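> Give the three-dimensional model of this entry:
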Amino acid sequence: VGAGPFPVLVNVHGGYWRRGSRNPFYWGPYLAERGYASFNISYRLTQPGQKRFPDAVNDVRAAVQFVRGEAESLRLDPDRIALWGNSAGGHLAALVALAGDDPMFAGAYPQDRHATVSPKVKLLVGVYGIYDLVAQWERAQISNPGDNLVESFIGASPAQNRRLYFDASPISYAVSASNKVAVHLSVGTEDDLVDRKANTDAFVLALKQAGFFVRTTILQGAPHYWGSEPMDEPGSYSAFVAPRLVRFLAEKL
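Numbering: from 1, shown residues only. The predicted structure is shown next:
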């Protein structure tokens, strides 16, 4: 409500880089009532035998450029852009937030009219995200060795090209030179898909060592996928996170 310009969250859905949709962003109305615009995006998904790194990263980066480039017409504040990602979307959001200016991800769309617009964001929200791709590859190799979705995304195994896994992991960019983004990470203690200690906990430690402003909301007993629970449902994990996240947005975005 109001004339704006509004702070905006660019939302990157999960789905292990192979599935998912931009449509079911359950937090949108809740955030809109509190003055935050949401811009839900799609990105190229993997197919068996068709990798999507760095394609999907380039798509998320281009979405940030579009939002900033069209900010005036959309009544958005170009200086108050955040990236929000769940699961595999958390991976892509974190990679663009910390490494959006890296030459590896530049120049994918040279004909785009927003190609020279900065992909920088002010804030990152990661929800049960994947931040270390070697760690997640190992987890996936145990749960589904015949179709390792991390390997499908990268296009090679760590044994074939470990450098690619380093380049594709947000934790690799948790360094002091990238310390320009405030970070909020939330995850459940019983996540059955993404190992919390190897991803969120390790990422938090690396961010703190590099001097980032980082806050966490750790949900006791929560598995994966709790982000789709209603915010107005008493006792839901989302209801627990929501006010804490809004306070973080109010302070840092």
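
> what residues are up against residue 160?
Residues near residue 160 by CB atoms under 8 Å, 6 or more residues apart in numbering: none. C-beta here means a position set from N, CA and C on the backbone, and glycine is covered the same way.

> Can you tell me the element it falls in?
Assessed by DSSP states H and E, residue 160 sits outside every helix and strand.

> Going by neighbour count, list what's buried in stretch 110-120.
By neighbour count with 16 or more other CB atoms under 10 Å, stretch 110-120 contains the buried residues 114, 117, 119-120.

> which among those gets closest to residue 64?
residue 119 (4.7 Å; CB to CB).

> just so I have it, where are all the helices in the chain?
Applying DSSP state H to the chain gives helices spanning 28-32, 55-69, 71-74, 88-99, 133-143, 149-154, 162-167, 202-209, 237-252.

> Can you name every helix or strand that the longest one contacts?
Other helices and strands packing on helix 237-252, by 3 or more CB pairs under 8 Å, 6 or more residues apart in numbering; DSSP states H and E, are strand 123-127, strand 182-188, strand 214-219.

> Could you identify which of the ones you listed is most buried?
Mean neighbour count (mean count of other CB atoms under 10 Å) peaks for strand 123-127 among those, with a mean of 27.

> returning to that earlier point: of all the helices of the chain, which lies closest to residue 42?
Short answer: helix 55-69, nearest of the helices of the chain by CB to CB, at 7.5 Å.

> Any buried residues in the helix or strand of the chain with the lowest mean pLDDT, and which?
Between all helices and strands in the chain, the lowest mean by mean pLDDT, DSSP states H and E belongs to helix 28-32, at a mean of 92. Buried residues in helix 28-32, counting neighbours by 16+ other CB under 10 Å, are found at 28, 30-31.

> Need the CA coordinates for that helix. CSV is fine.
Output of helix 28-32 as CSV, limited to C-alpha atoms (Å, rounded to 0.1, in the frame of the first residue of the first chain):
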residue,chain,number,x,y,z
GLY,A,28,4.4,-12.9,-0.8
PRO,A,29,1.1,-11.6,0.7
TYR,A,30,2.5,-11.6,4.2
LEU,A,31,5.5,-9.5,3.1
ALA,A,32,3.3,-7.2,0.9
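
> can you list contacts of it?
With CB under 8 Å, 6+ apart, helix 28-32 has contacts from 9, 11, 37-38, 40, 231, 242, 246.

> By neighbours, which of the residues you listed wins?
residue 9 (26 neighbours; other CB atoms under 10 Å).

> Identify the bridge partners of it.
Counting by DSSP bridges, residue 9 is bridged to residue 38, residue 82.

> export the buried residues of helix 28-32 to a markdown table and tack on distance to residue 176?
Shown next, in a markdown table, are the buried residues of helix 28-32 (distance: CB to CB, whole Å):
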| residue | distance to residue 176 |
| --- | --- |
| 28 | 34 |
| 30 | 34 |
| 31 | 31 |
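
> what about residue 220, how many neighbours?
Neighbour tally, residue 220, other CB under 10 Å: 9.

> so how far is residue 59 from the residue nearest to it when sequence neighbours are not counted?
Of all residues not flanking residue 220 in the chain, residue 189 sits nearest, at 5.4 Å (CB to CB, 6 or more residues apart in numbering). Distance of residue 189 to residue 59, given as CB to CB, to the nearest Å: 32 Å.

> okay, the two: which has more neighbours?
The neighbour count for residue 189 versus residue 59, taken as other CB under 10 Å, is higher for residue 59 (19 against 12).

> Do I have it right that the more buried one meets residue 41?
Yes: between residue 59 and residue 41 there is a contact at 7.4 Å, judged by CB atoms under 8 Å.

> circling back to that earlier point, how about the contacts made by the residue nearest to residue 220?
Contacts of residue 189 by CB under 8 Å, 6+ apart are 196, 218-222.

> please redo it, this time with the cut-off set to 10 Å
196-197, 218-223 (CB atoms under 10 Å, 6 or more residues apart in numbering).

> now the contacts of helix 28-32 as a markdown table including distance to residue 51 and pLDDT?
What follows is the contacts of helix 28-32, written out as a markdown table (distance: CB to CB, whole Å; pLDDT from 0 to 100):
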| residue | distance to residue 51 | pLDDT |
| --- | --- | --- |
| 9 | 28 | 98 |
| 11 | 24 | 97 |
| 37 | 32 | 97 |
| 38 | 29 | 95 |
| 40 | 24 | 95 |
| 231 | 36 | 86 |
| 242 | 36 | 95 |
| 246 | 37 | 96 |
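
> Since that was my last question, I'll sign off now.
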